[in-house]
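Asker: Structure of the sequence below:
(one chain, ligands or ions: 1)
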Amino acid sequence: MIKMKCYTILVCLCVIGNCFGQVKAPEPVGPTPTENQVRWQEMEYYAFIHFSTNTFTDQEWGYGEANDAKLFNPTNLDCDQWARVCKNSGMKGIIVTAKHHSGFCLWPTETTEYSIKNSPWKDGKGDIIGDLAKACKKYGLKLGIYISPWDRNNPSYGLLDPDGSAPYVKNVFRKQIEECLTKYGDVFEIWFDGANGGDGYYGGARTSRKIDRTTYYDWANTYKMIRKIQPKIVIWNDNGDRADLRWVGTESGYVGETNWSLLNAKGDVPHDMLAHGVENGDSWVPGEVNTSIRPGWFYHEYEDNRVKTLPELLKVYYSSFGRNGTMLLNFPIDKTGRIHKTDEKAALELAGAVKEAFAMDLAKEMKVSASNIRGKSSEFGADKALDGDKNTYWATDDAVKTASLIIDFGAPKAFNRFLAQEYIQLGQRVKSFTIEAFVNGKWKQLDNQTTIGYKRILAFPTVKASQLRFTITDSKASPVISNVSVYNAPQILEIPLVTRAKSGEVTITATDKESQIFYTLDGSMPTKKSKLYTQTIAAENKVSVRAIACDPVSGKSSPVGEEHFDISHKNWKIVGIEDEKVNNIIDGNRNTDWFQPQNNKLPASIVIDLGKQQNLAGFKYLPSQSRNAGIITRYQFLVSSDNKQWNVADEGEFSNIKNNPLWQIKKFTPVKGRYIKLVATHNTQENNAAGYAEIDVITN
Ligand code: FUL
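Answerer: Numbering: from 1, shown residues only. The predicted structure follows:
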């Protein structure tokens, strides 16, 4: 009898509790983010700034040559301009290459003479990190620091004391970190690049030094020091001990559609884990998507017309923000010391397009119902996913791992974007979900995806419907959804693709077959009054093609697509290789490629007969775009008039090509020649493969 009374009392208490929202919140599931990681994730979008001696030597990786310091002399450096552009672009912070691989420091460090102290800029009395810290404060941006562990200039880099400790780590690397983290106020993120190449001018001598990047830097103690100085910081590291953030395995600007903010604390992290995380990982290690607004990380004048277009930047946006990642977009500072106007324009255009796309949340204040609500409590109701409050959420009963939400727009509404967020403080749970539209009396599936995490944004063809159903089809535990929103983003037409075949014929294609294409051949900006593209264009000489795609119905135009072609390959012949497919290297199609025969050893050469003498001022190499193999890292480029007497026109490295396998452009002192020879001496895998998508020349 007493038991019955107790049970009755218990049930009454639950009911009363229920009425007063006393239903317990869900317990966390798996690893959860630290406060620092939540704060970082909510930044969502911030800038990289690459600026160093490389800017003045036109390199991607400086060799650490002492003389380069004397070249560092920006004529109009303005950190306020950097901060203003980033702020106006909607960014929340700036991570600056305080020290890149060359070892050159942008602040008057006590650890080395290889810094702006010994540059002509401000007679060696400048402090760029200090200037940027002030500019960030002025514009309400957070400051981040990139310090390359690899230092191609420092004499002690890579050496060990008899006790096995590393004098470079103790007396240089950690001191540099300490200086940057103690002298410039709060730092939100510190970034340790994973590149540890080998050769450099260590102490002035051109040698190669190899280290084990997982042990040499004694990361555990380095992290301890960092967290003591800056308790609110997050650490990004692609070297050894797991840090707070992970690289996503590419610099192309995307993370996997399936993206768990989880890794295992120990063990290797192959590319697949970088791209997708680990579903049952034991540590919270979210992905940061880093890419440059241009092909390179540092400024190169020849990339002024290769700044990412709006469609390309939007693709990065949806493939980073929209896939539970953050977006770290790089601006290379130009030789004047400012963000180039073309880069600024591109970043502002992206900000405008994003603002327009997400201006109106069609789900806000709409009627919403859920298939299950935790404890039937209003505290976890479906409306909590639509109230715009990041700290309230729709939750289901513990035993309910699949559930759906139906948003009723009242009347048919056009929409093409869906956004969902998990309340990640309770762990990342959702494994798969679908979205459907109620059209003509039945549910039509719009998309079927996997993870959500901090934020997932889906883009799909515009649909008109009175209801949207969001169904979580599988989850590690009861779902906890803090936000769901729906939008109708305006159409952004893809830029037209401009290619030129070996024959010299130029083809311009638009993604949307209904589009009209207008183009110019004189480098001027195309409009709807320009020439209408109806057939291929003969263009055997140097030519600048610019084109736009126009939607005849909406009247909208795409951003400008452009290509600047040098001499055509019409009379080119590859010498001494029977395989017909070798002509893929000069067919003008970046999606075809050719590889040296398997049994060939490096060094391996490609000789091309240009058909007649040319004034050569450089060359271009594009590695295979379909296979991560045979990517040349070190080369020799020779020129000849008779295919007998050869002269070396250029030699060196394609820096960072492993992470950035794009066009490599090399200029050299002009030389006349009819034959060219590209000799591959090393590749990224240090084996004997050499692959090519395209080889081209630069003439003057
Ligand atoms: C890479 C570096 O080698 C590039 O130069 C650039 O700094 C990029 C962000 O990381 O590992």
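Asker: what helix or strand is whatever residue of the stretch 301-450 of the chain ends up closest to the ligand on?
Answerer: At 6.8 Å from the ligand, N330 is the closest residue in the stretch 301-450 of the chain, using Cβ to the nearest ligand atom. For glycine as for every other residue, the C-beta is placed from the backbone atoms N, C-alpha and C. If you go by DSSP states H and E, N330 is part of strand 326-332.
Asker: Give me the buried positions along that strand.
Answerer: For strand 326-332, the neighbour count (16 or more other Cβ atoms under 10 Å) marks 326-332 as buried.
Asker: Kindly reformat those residues as JSON lines containing pLDDT and distance to N647.
Answerer: Below are the buried residues of strand 326-332 laid out as JSON lines (pLDDT from 0 to 100; distance: Cβ to Cβ, whole Å):
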{"residue": "T326", "pLDDT": "98", "distance to N647": "49"}
{"residue": "M327", "pLDDT": "98", "distance to N647": "46"}
{"residue": "L328", "pLDDT": "98", "distance to N647": "43"}
{"residue": "L329", "pLDDT": "98", "distance to N647": "41"}
{"residue": "N330", "pLDDT": "98", "distance to N647": "37"}
{"residue": "F331", "pLDDT": "98", "distance to N647": "38"}
{"residue": "P332", "pLDDT": "98", "distance to N647": "32"}
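Asker: Dump those to a markdown table, plus distance to G673.
Answerer: Output for the buried residues of strand 326-332, formatted as a markdown table (distance: Cβ to Cβ, whole Å):
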| residue | distance to G673 |
| --- | --- |
| T326 | 48 |
| M327 | 44 |
| L328 | 42 |
| L329 | 40 |
| N330 | 36 |
| F331 | 37 |
| P332 | 31 |
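Asker: Give me the residue ranges of the stretch 301-450 of the chain where confidence is low.
Answerer: Residues of the stretch 301-450 of the chain meeting the criterion pLDDT under 70: none.
Asker: now the strands for it?
Answerer: With strands called from DSSP state E, counting those that start in this stretch, the stretch 301-450 of the chain shows them at 326-332, 367-370, 394-395, 403-422, 430-439, 442-449.
Asker: Which secondary structure elements does the longest one sit against?
Answerer: It refers to strand 403-422. Helices and strands touching strand 403-422, as assessed by 3 or more Cβ pairs under 8 Å, 6 or more residues apart in numbering; DSSP states H and E, comprise strand 367-370, strand 430-439, strand 456-475, strand 480-487.
Asker: Report the closest residue of the stretch 251-400 of the chain relative to the ligand.
Answerer: Of all residues in the stretch 251-400 of the chain, W297 sits closest to the ligand, at 4.2 Å by Cβ to the nearest ligand atom.
Asker: Which residue comes closest to that residue once chain neighbours are left out?
Answerer: Closest residue to W297 apart from its sequence neighbours, by Cβ to Cβ, 6 or more residues apart in numbering: H50 at 4.5 Å.
Asker: In terms of pLDDT, where does that neighbour sit?
Answerer: As predicted, H50 sits at a pLDDT of 98.
Asker: Hmm, V560 is touching S544, no?
Answerer: No - applying Cβ atoms under 8 Å as the test, V560 and S544 come out as separate, 11.2 Å apart.
Asker: Distance of N589 relative to the ligand?
Answerer: 28 Å (Cβ to the nearest ligand atom, to the nearest Å).
Asker: doesn't R500 make contact with that residue?
Answerer: No - counting by Cβ under 8 Å, N589 does not reach R500; the two are 9.5 Å apart.
Asker: Can you check the pLDDT for the residue nearest to N571 when sequence neighbours are not counted?
Answerer: Excluding the flanking residues, the one nearest N571 by Cβ to Cβ, 6+ apart is G611, at 3.0 Å. Looking at G611, its pLDDT is 97.
Asker: quick one: secondary structure of G611?
Answerer: In three-state terms, and counting by DSSP: H, G, I helix; E, B strand; the rest coil, G611 is strand.
Asker: From the structure, what's the count of residues near it?
Answerer: Around G611 sit 14 other residues, with neighbours defined as other Cβ atoms under 10 Å.
Asker: Can you report phi and psi for I585?
Answerer: Torsion angles at I585 (phi, psi; degrees, to the nearest 10) stand at phi -70, psi -20.
Asker: Skipping adjacent residues, who's closest to it in space?
Answerer: Per Cβ to Cβ, 6+ apart, closest to I585 is Y692, 4.6 Å.
Asker: Sketch out the low-pLDDT regions of this structure for me.
Answerer: The model of the chain has pLDDT under 70 over residues 1-21.
Asker: residues from it in reach of the ligand?
Answerer: Counting by Cβ under 6 Å from any ligand atom, the chain comes close to the ligand at 60, 193-195, 290, 297, 656, 659.
Asker: Narrow those to those in strands?
Answerer: N290 (DSSP state E).
Asker: Turn the residues of the chain next to the ligand into JSON lines, including neighbour count and distance to L622.
Answerer: As requested, the residues of the chain next to the ligand are arranged in JSON lines below (neighbours: other Cβ atoms under 10 Å; distance: Cβ to Cβ, whole Å):
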{"residue": "E60", "neighbour count": "22", "distance to L622": "15"}
{"residue": "D193", "neighbour count": "22", "distance to L622": "24"}
{"residue": "G194", "neighbour count": "15", "distance to L622": "24"}
{"residue": "A195", "neighbour count": "18", "distance to L622": "21"}
{"residue": "N290", "neighbour count": "23", "distance to L622": "22"}
{"residue": "W297", "neighbour count": "27", "distance to L622": "18"}
{"residue": "N656", "neighbour count": "22", "distance to L622": "15"}
{"residue": "N659", "neighbour count": "17", "distance to L622": "15"}
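Asker: Tell me who's in contact with the residue of the stretch 51-200 of the chain found nearest the ligand.
Answerer: Residue of the stretch 51-200 of the chain nearest the ligand, by Cβ to the nearest ligand atom: A195 (3.8 Å). By Cβ atoms under 8 Å, 6 or more residues apart in numbering, the residues touching A195 are 61, 101, 148, 150, 656, 659.
Asker: so what's the backbone phi/psi at it?
Answerer: Per-residue torsions, A195: phi -80, psi 120 (degrees, to the nearest 10).
Asker: where's the residue in the stretch 401-550 of the chain positioned nearest to the ligand, which helix or strand?
Answerer: In the stretch 401-550 of the chain, the residue that lies nearest the ligand is Y454 (22.3 Å; Cβ to the nearest ligand atom). Using DSSP H and E, Y454 falls within no helix or strand.
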